[in-house]
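Undergrad: One predicted model, sequence on top.
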Amino acid sequence: MITGANKGIGLETAKQMAELGYYVYIGSRDKQKGMKAVELLKKTGSNNVECIEIDITVIESVKRARMELDSKLEALDILINNAGISGDQPQKFSTGNVEILRKIFNTNFFGPVQTTYEMLPLLEKSKNPVIINVSSEVGSLAIHASAGKDPNLEVWGAYGSSKTALNAFTVMLNNELEDTPFRINSVTPGYTATDLNDHQGTKTVEEGARPIVKVATESDGFTTGKFYGEQGNVPW
């Protein structure tokens, strides 16, 4: 199950997972856009895909998505919390707008948290359950602390802090479930050209999805409760 999978990195992640043989549920807030994504993947030869309507900011929608999955499968092996927004500007904490911050956190933090809560019973039925929280380097406190005053980082203060919170969720949930088979990690795709950044990123969606798929599907070399990127461990 991949949230926000009707376009961008989410769609490419779905494509790569399907090509590996996984049956992929494409989570989409807009059912029609989700169906178009399914049709697109089927045209490329991936028939093992299906759309699930889910708005991660609306708990009733998340519950409906969970009930739909309950009716379709016995266990969920992998949940990829990919859906997110960059948010409006300004995002500097000295001049920003608290309502912008609330909206970003509602999607980028509370959305993945409540989606995970709902999907946990299905994941627990899997022999090797995996949760991937799609994060970003701008959520790294270590990178911010070492960068000092960096206008390129400051402008994404609200977005970055929402990813910091998501990383905290990764660590704390992992600690709670340390005596279980769960593997729970944050993964950054890197600066990828998508709608999120008006396609200004330097990586393609194929490149951006690659570390997500790798950490989600390969246990060798990847432990649990970590923050990974294309080059391996990313500092918290």
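TA: Looks like it came in fine. Residues are numbered from 1 along each chain as shown.

Undergrad: Need the residue closest to the centroid of the chain.
TA: residue 82 (2.2 Å; Cα atoms, centre = their mean).

Undergrad: any idea how far residue 215 is from that one?
TA: 13 Å (Cβ to Cβ, to the nearest Å). All C-beta spots, glycine's among them, are computed from the backbone N, C-alpha and C.

Undergrad: what touches both of those two?
TA: Residues touching both residue 82 and residue 215 (Cβ atoms under 8 Å, 6 or more residues apart in numbering) are residue 132.

Undergrad: Helices of this protein, start to end?
TA: 8-19, 31-43, 59-72, 98-105, 111-123, 141-147, 151-154, 157-176, 205-217 (DSSP state H).

Undergrad: Buried deepest among those, which one?
TA: Neighbour counts (mean count of other Cβ atoms under 10 Å) averaged over each of the helices of the chain peak at helix 8-19, with a mean of 24.

Undergrad: Residue 40 - nearest residue in space that isn't next to it in sequence?
TA: residue 11 (7.7 Å; Cβ to Cβ, 6 or more residues apart in numbering).

Undergrad: meant to ask about residue 211
TA: Nearest residue to residue 211 in three dimensions, chain neighbours excluded: residue 230, at 4.8 Å (Cβ to Cβ, 6+ apart).

Undergrad: For burial, what's the neighbour tally of that neighbour?
TA: Neighbours of residue 230 under the rule other Cβ atoms under 10 Å: 16.

Undergrad: For it, which residues are in contact?
TA: 190, 207, 210, 211.

Undergrad: And the helix or strand of the chain with the lowest mean pLDDT, what does it pack against?
TA: The helix or strand of the chain with the lowest confidence, counting by mean pLDDT, DSSP states H and E, is helix 151-154 at a mean of 72. For helix 151-154, the contact count by 3 or more Cβ pairs under 8 Å, 6 or more residues apart in numbering; DSSP states H and E identifies helix 141-147 as packing neighbours.

Undergrad: The closest residue to residue 142 other than its chain neighbours: what's it in contact with?
TA: When the adjacent residues along the chain are set aside, residue 142 lies closest to residue 235, with 3.6 Å between them (Cβ to Cβ, 6+ apart). Each residue near residue 235 by Cβ under 8 Å, 6+ apart is listed here: 140, 142, 143, 227.

Undergrad: right, and the third one touches residue 135 too?
TA: Pointing back at residue 143 there. No - Residue 143 is beyond contact range of residue 135, at 11.8 Å (criterion: Cβ atoms under 8 Å).

Undergrad: quick one on the thing from earlier: what would the helices of the chain look like in JSON lines with distance to residue 196?
TA: Formatted as JSON lines, those follow (distance: least, Cβ to Cβ, whole Å):
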{"stretch": "helix 8-19", "distance to residue 196": "7"}
{"stretch": "helix 31-43", "distance to residue 196": "16"}
{"stretch": "helix 59-72", "distance to residue 196": "21"}
{"stretch": "helix 98-105", "distance to residue 196": "12"}
{"stretch": "helix 111-123", "distance to residue 196": "15"}
{"stretch": "helix 141-147", "distance to residue 196": "18"}
{"stretch": "helix 151-154", "distance to residue 196": "15"}
{"stretch": "helix 157-176", "distance to residue 196": "9"}
{"stretch": "helix 205-217", "distance to residue 196": "10"}
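
Undergrad: which residues does the closest residue in space to residue 167 that isn't next to it in sequence bridge with?
TA: Leaving aside its sequence neighbours, residue 167 sits nearest to residue 186 (Cβ to Cβ, 6+ apart; 5.0 Å). Counting by DSSP bridges, residue 186 forms beta bridges with residue 133, residue 227.

Undergrad: Let me see the contact set for residue 63.
TA: residue 118 are the contacts of residue 63 under Cβ under 8 Å, 6+ apart.
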